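**Student:** sequence plus the predicted model coming up.
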Amino acid sequence: MSEIGQSTKLFNTAVIATKIPKGSNSTDEVSGLLHSLVQSAPFQAILKSIREHAALQGIPEAQAAEEIVRTFREIDNVWNEYIFQEGLDRLKAQLPCQRPRAETRGCIGPIAGTA
C-alpha cells in the first residue's frame, strides 16, 4: 500500500474511532462522497499534517491522526455550543415580557398558558 493510501487508512480509522457515523445516506452515496473527499487537496493537506505531527511528537501516525481529529472536533463543538447559545439568547430577547421589568415597555403580555 502506498504511503498516501496508508495515511488515508489511518485517517479514516481515526474518524471512525472518534465518532459513530450518523445519517441515512445509501452506501453508494457515502462511498462516492468519501472517494471524492479523500482525493481532494484539502484532505492531502490533512494527511501531511498527520505525518508532520507524528514526526514532531515522536508518536505513531495513528495516534497523531486521532489527536488531530479530536482537536478539530473539540474546536467544532465549542463553536457549535457558542452559536447555539447566541441563538438562544437572541430568541429569549425577542420573547414578550421575558425581559427584566425595567425593559418591559411595549410588552404584549404574558405568553398564553404561562400566567
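**Tutor:** Thanks, I have it.
**Student:** mind listing what's buried along the helix or strand of the chain with the lowest mean pLDDT?
**Tutor:** Between all helices and strands in the chain, the lowest mean by mean pLDDT, DSSP states H and E belongs to helix 3-18, at a mean of 77. When burial is assessed from 16 or more other CB atoms under 10 Å, helix 3-18 yields the following buried residues: 7-8, 10-11, 14. From N, CA and C alone the C-beta is placed, and that goes for glycine too.
**Student:** out of those residues, who's nearest residue 38?
**Tutor:** residue 8 (5.3 Å; CB to CB).
**Student:** state the mean pLDDT of the longest helix seen in the chain.
**Tutor:** When every helix of the chain is counted residue by residue (DSSP state H), the longest turns out to be helix 61-94. Averaging the model's pLDDT scores along helix 61-94 yields 90.
**Student:** for that helix, the distance to its chain's centre please.
**Tutor:** When C-alpha coordinates are averaged (CA atoms, centre = their mean, to the nearest Å), helix 61-94 and its chain have centres 6 Å apart.
**Student:** let's have the buried residues of helix 3-18 in CSV, adding distance to residue 68.
**Tutor:** Below are the buried residues of helix 3-18 laid out as CSV (distance: CB to CB, whole Å):
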residue, distance to residue 68
7, 12
8, 14
10, 11
11, 8
14, 8
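**Student:** and which of the residues you listed is nearest residue 83?
**Tutor:** Distance from residue 83 was checked for each of the buried residues of helix 3-18 by CB to CB. The minimum falls on residue 14, at 25.4 Å.
**Student:** buried residues of the longest helix of the chain, list them for me.
**Tutor:** Of all the residues in helix 61-94, those buried under the rule 16+ other CB under 10 Å are 61-62, 64-69.
**Student:** then stretch 33-48?
**Tutor:** In terms of neighbour count (16+ other CB under 10 Å), stretch 33-48 has its buried residues at 38, 43, 46-47.
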